[in-house]
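Visitor: Structure here, sequence nowhere to be found:
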């Protein structure tokens, strides 16, 4: 009697039974990848502009042609009045080419003086015949030499400190990128090249130029002592520094300067700090 087929069958049954006790092998699903692993997303992320403060407070800043006090404060993310105070610059806030601006208080002045313990009362009072030390006025850091860094028309236009009754949308495009406190200090609005960009409220243009890195052709409007608005990436600037503008007035043409797409980057700053414009703009 041949037992080979019998033993072969028996071994096959044993193998099947042994495999039945083990869980099936897990096949890794690679159809879903993390966003950062997708080349297209990684490239798009690399193209995202970080808006907001561009200068570190502390190092002195040397004024270049085209600067305004407002533009330098904008790049620092600080109130223009604070920057003027640090440098003893009075209104109309004229700064000059090659002027050195202090961007943070001196360490010595930032530390509270240590109070000395009260001295013991003298046994006899002695009246000093020395005259009191004269009061020295703060030295203005504005350079008397060198030309103004921008048109003096800005300096000649006063801004009434009146509240903004109503804010309006600067363009009709949809919001393509929302405000982010960490990376995106405003909102982006889509549109076609040349679409009208309008002043969100009445005010005075305090900067018009391309000197703020990452914003392209930029306009900054001062509405009052508290609020500024900024309009970036324009192809054309239709308002000049020092010009008074009304709410809804066309001030620029939408474009793509310093950007990979046509859009308006729009910011509102309160006391020098960016806030979410959606908290002030009317709902659509």
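Guide: All right, it came through fine. Owing to the predicted nature of the structure, the values given are computational and were not obtained by experimental measurement.
Visitor: Just to be sure, residue 73 is in a helix?
Guide: Yes. Checked against DSSP: H, G, I helix; E, B strand; the rest coil, residue 73 lies within a helix.
Visitor: Please name the nearest non-neighbouring residue to it.
Guide: residue 80 (4.0 Å; C-beta to C-beta, 6 or more residues apart in numbering). The C-beta positions use only the backbone N, C-alpha and C, and glycine is treated the same way.
Visitor: got it, and residue 188?
Guide: residue 177 (3.9 Å).
Visitor: do you know how far the one you found is from residue 68?
Guide: Residue 177 sits at a distance of 27 Å from residue 68 (criterion: C-beta to C-beta, to the nearest Å).
Visitor: Could you check which of those two has the larger neighbour count?
Guide: Counting neighbours by other C-beta atoms under 10 Å for residue 177 and for residue 68 shows that residue 68 has the greater number, 28 against 16.
Visitor: So that one is in contact with residue 205, correct?
Guide: No. Residue 68 lies out of contact with residue 205 (C-beta atoms under 8 Å); the separation is 10.0 Å.
Visitor: what's the neighbour count on residue 215?
Guide: Around residue 215 there are 28 residues (other C-beta under 10 Å).
Visitor: Which pLDDT does the model give it?
Guide: For residue 215, the pLDDT comes out at 96.
Visitor: Give the next helix or strand downstream of the lowest-mean-pLDDT helix or strand in the chain.
Guide: Taking mean pLDDT, DSSP states H and E as the measure, helix 39-46 is the helix or strand of the chain with the lowest mean score, a mean of 36. Moving toward the C-terminus from helix 39-46, the next helix or strand (DSSP states H and E) is strand 61-62.
Visitor: Tell me the spacing between residue 206 and residue 241.
Guide: In terms of C-beta to C-beta, residue 206 sits 7 Å off from residue 241.
Visitor: again, but for residue 64
Guide: Counting by C-beta to C-beta, the gap from residue 64 to residue 241 is 15 Å.
Visitor: Could you check which of those two has the larger neighbour count?
Guide: With neighbours defined as other C-beta under 10 Å, residue 64 and residue 241 compare such that residue 241 has more, 24 against 12.
Visitor: So that one belongs to a helix, correct?
Guide: No. Remark: residue 241 does not belong to a helix; assigned using three-state DSSP, it is coil.
Visitor: What residues of stretch 239-254 count as buried?
Guide: For stretch 239-254, a neighbour-count test (16 or more other C-beta atoms under 10 Å) marks 239, 241, 242, 243, 244, 245, 247, 251, 252, 253, 254 as buried.
Visitor: Any stretches of this structure with poor pLDDT?
Guide: 1-53, 108-145, 151-160 (pLDDT under 70).
Visitor: Can you show me the strands along it?
Guide: Per DSSP state E, the chain carries strands over the ranges 61-62, 100-101, 175-177, 187-190, 196-198, 203-209, 217-222, 227-234, 236-237, 244-245, 250-253, 263-270, 273-275.
Visitor: Serialize these to JSON lines and add fields for distance to residue 73.
Guide: JSON lines is the format used below for the strands of the chain (distance: least, C-beta to C-beta, whole Å):
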{"stretch": "strand 61-62", "distance to residue 73": "10"}
{"stretch": "strand 100-101", "distance to residue 73": "10"}
{"stretch": "strand 175-177", "distance to residue 73": "25"}
{"stretch": "strand 187-190", "distance to residue 73": "21"}
{"stretch": "strand 196-198", "distance to residue 73": "22"}
{"stretch": "strand 203-209", "distance to residue 73": "10"}
{"stretch": "strand 217-222", "distance to residue 73": "10"}
{"stretch": "strand 227-234", "distance to residue 73": "9"}
{"stretch": "strand 236-237", "distance to residue 73": "20"}
{"stretch": "strand 244-245", "distance to residue 73": "20"}
{"stretch": "strand 250-253", "distance to residue 73": "20"}
{"stretch": "strand 263-270", "distance to residue 73": "9"}
{"stretch": "strand 273-275", "distance to residue 73": "11"}
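Visitor: for those strands, which one sits closest to residue 168?
Guide: strand 196-198 (7.1 Å; C-beta to C-beta).
Visitor: who does that closest one pair up with?
Guide: strand 250-253 (antiparallel) (DSSP bridges).
Visitor: And the contacts of the strand it pairs with?
Guide: Applying C-beta atoms under 8 Å, 6 or more residues apart in numbering, the contact partners of strand 250-253 are 193-199, 205, 217, 219, 221, 231, 234-239, 245.
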